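In: Okay, sequence plus prediction incoming.
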Amino acid sequence: MSPREAPADILVVDDDARNLAAIEVALGELGRRLVKARSGPEALRQLLERDFALILLDIQMPGMDGFETAQLIRQRRRSRHVPIIFVTAYSREDREILHGYSLGAVDFLFKPIVPEVLRAKASVFVELQERTAEVQRQGERLREMERQEHERKLAVERQRWEADSLREESERKDQFIALLAHELRNPLAPLVTGLELVRQFDIDHDGLARVRCSMRRQVSHLVRLVEDLLDVSRISQGKIDLQFARHDLCSLVEQAVDSVAPHAEEKEQELSVEVASDNLVVEGDGVRLVQVISNLLNNAVRYTPKGGSIRVSCASEGDDALLRVADTGRGISPEMAERIFDMFVQEREGGKGLGLGLTLVKQLVDLHEGTVRVYSQGRDQGSEFVVRLPRVEGKAPEADAPEDEDDLPHLRIAVVEDQEDVAQALQALLESWGQEVRVARDGEQGVEMISSWRPDLALMDIAMPGLDGYAAAEKLRQTFPPEALRLVALTGFGRKEDRRRAHNAGFDDHLVKPAAPRALRRILRSHDDGETQAG
């Protein structure tokens, strides 16, 4: 029995049964259990089995007397500190009493025993033992509380350390992704610009047309991979900005189909579209919703074999707008259907892409307070993705009319870019639009050229050796106010903090490489309108 159980038993040792009975009667009112022994050896056996709060030990017993029994009790670690009251009818000599105390006695009682005196003394020692046990219990509870508090502090510290580590790892990952995107966007920029130049020449040659279409598809694929990688990082950190407006879902479907149709044609797939006859209006970011539909269509094209069919439809159902993308492709196994929207998951190994397209679909649909589900009967049974979005009343605004590529102002434009391929391609494209262009290869040359030539517009890279784009812009703004020079950052860094830093440095606009020709034409037109797009 452990100390925390507070034993309150009393051991009474006497060879005379009458004395045992008398003591039992006298202590009955204490409410304690009495264990009786008729000899020293029997008492020692009892002490092996349990603990006691008090021992009443007769001195005069045949065989092993009380003094010998007490000596053995004190030699055992378990019973060393149990209080002993000697009971005797014979000796009152000081020598005997001193000998008893030397063996650890706490008191002496002389027969005949007075019940009131016995009860009083016994109750004192029993209560003392109980309080000692309670102190031990409280000490153990205190130690346990201290241990738990220590563990709690360790857990808090561990969580803080893990959070700091995750935060640091996340920041390093973001920096890596931003750098990776910058390095990937630089070689993409002259490809996009060059393809626009080839398109403008409009050479009538069937072989060249096929090559141009193939190049356009592959470049678009590379651009989409880079953007998917960045978008997943932005959404996971809550850094993506959505521009909400009313849109006709069927019109968004048509835009997505136009971008994916060439891929389906290349694989001789039948791509059919069924749109609702009524006005199916949703509230959301039009660009991101087109991205959702395009990703679902690209996924269908990728996993549908040559000659297969893909069907996309939109319709209303109650208060919701439903988008369905179904295919006759390889289908999805039941175990994969539960993980298909997870990051980097693909139905088959070696599939094209990074396994981020469907992850983005799920994240973007969630941001629009919608749902997306996948249904499939299994492998080689095709699949269907169903997107459900809240439908709103009213009509979507009319789509913008196609822009007139010839309606551009004639400007003097400075291009500050350290990548020669990027600079040459951009210069050729701008000159084909009737612009006067000069090129500088770094920030110092750019500041010097702009200061002397005084152009209307400057397209400036950010990551350049020596004087970077931010420092060059700050230097130019000391001389040229916004109305005298329009500064546009043309860079591979496209995070929100990158845009904010460009604005603070003095840039009026921020374009991410590879800049689409449409975006460049917007910049040229906005120069006459005096618009500011930075921020």
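Out: Looks like it came in fine.

In: Every contact and neighbour count from this point should use C-alpha atoms.
Out: Will do.

In: Could you check stretch 289-304 and say which residues are buried?
Out: Of all the residues in stretch 289-304, those buried under the rule 16 or more other Cα atoms under 10 Å are 289-304.

In: Give me the below-cutoff pLDDT ranges for the stretch 351-500 of the chain.
Out: For the stretch 351-500 of the chain, applying pLDDT under 70 flags the ranges 351-355, 398-406.

In: need the strands for it, in chain order.
Out: Read by DSSP state E, counting those that start in this stretch, the stretch 351-500 of the chain holds these strands, from start to end of the chain: 371-375, 383-390, 412-416, 436-440, 457-460, 486-491.

In: For the longest one, which outside residues touch it?
Out: The reference is to strand 383-390. When contacts are defined by Cα atoms under 8 Å, 6 or more residues apart in numbering, strand 383-390 is touched by residues 282-283, 296, 319-332, 365, 368-377.

In: What subset of those is buried?
Out: Here the buried ones among these, as counted with 16+ other Cα under 10 Å, turn out to be 282-283, 296, 320-332, 365, 368, 370-372, 374-376.

In: so where's this structure uncertain?
Out: 1-8, 90-94, 170, 173-186, 200-222, 224-241, 277, 343-355, 398-406, 528-535.

In: quick revisit: okay, the strands of the stretch 351-500 of the chain in TSV with distance to Asp107 next?
Out: Written out in TSV, the entries for the strands of the stretch 351-500 of the chain read as follows (distance: least, Cα to Cα, whole Å):
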stretch	distance to Asp107
strand 371-375	84
strand 383-390	89
strand 412-416	104
strand 436-440	107
strand 457-460	101
strand 486-491	96
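
In: what separates Leu485 from Leu56, distance-wise?
Out: 107 Å (Cα to Cα, to the nearest Å).

In: now Leu487
Out: The gap separating Leu487 from Leu56 is 102 Å, by Cα to Cα.

In: same question, Glu49
Out: Relative to Leu56, Glu49 is positioned 17 Å away (criterion: Cα to Cα).

In: Could you pick out the longest helix of this structure?
Out: When the chain is scanned for its longest helix (criterion: DSSP state H), the result is helix 115-201.

In: quick check: angle from it to strand 486-491?
Out: Here helix 115-201 runs at an angle of 110 degrees relative to strand 486-491 (axes from the mean of the first three to the mean of the last three Cα atoms, to 10 degrees).

In: contacting residues for Gln243?
Out: For Gln243, the contacting residues are 284-286, by Cα under 8 Å, 6+ apart.

In: make that Gln427, sorry
Out: Residues in contact with Gln427, defined by Cα under 8 Å, 6+ apart, are 415, 437-439.

In: Only the buried subset of those residues, as a ChimeraX command please.
Out: The buried subset of the contacts of Gln427, as determined by 16+ other Cα under 10 Å, is captured in ChimeraX by this line:
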select :415,437,438,439
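
In: got the phi/psi numbers for Val253?
Out: Main-chain torsions, Val253, degrees, to the nearest 10: phi -60, psi -40.

In: neighbours around it, how many?
Out: Summarising burial for Val253: neighbours were counted as other Cα atoms under 10 Å, giving 24.

In: before we move on, what about Leu72?
Out: One way to gauge burial is a neighbour count; for Leu72, by other Cα under 10 Å, it gives 16.
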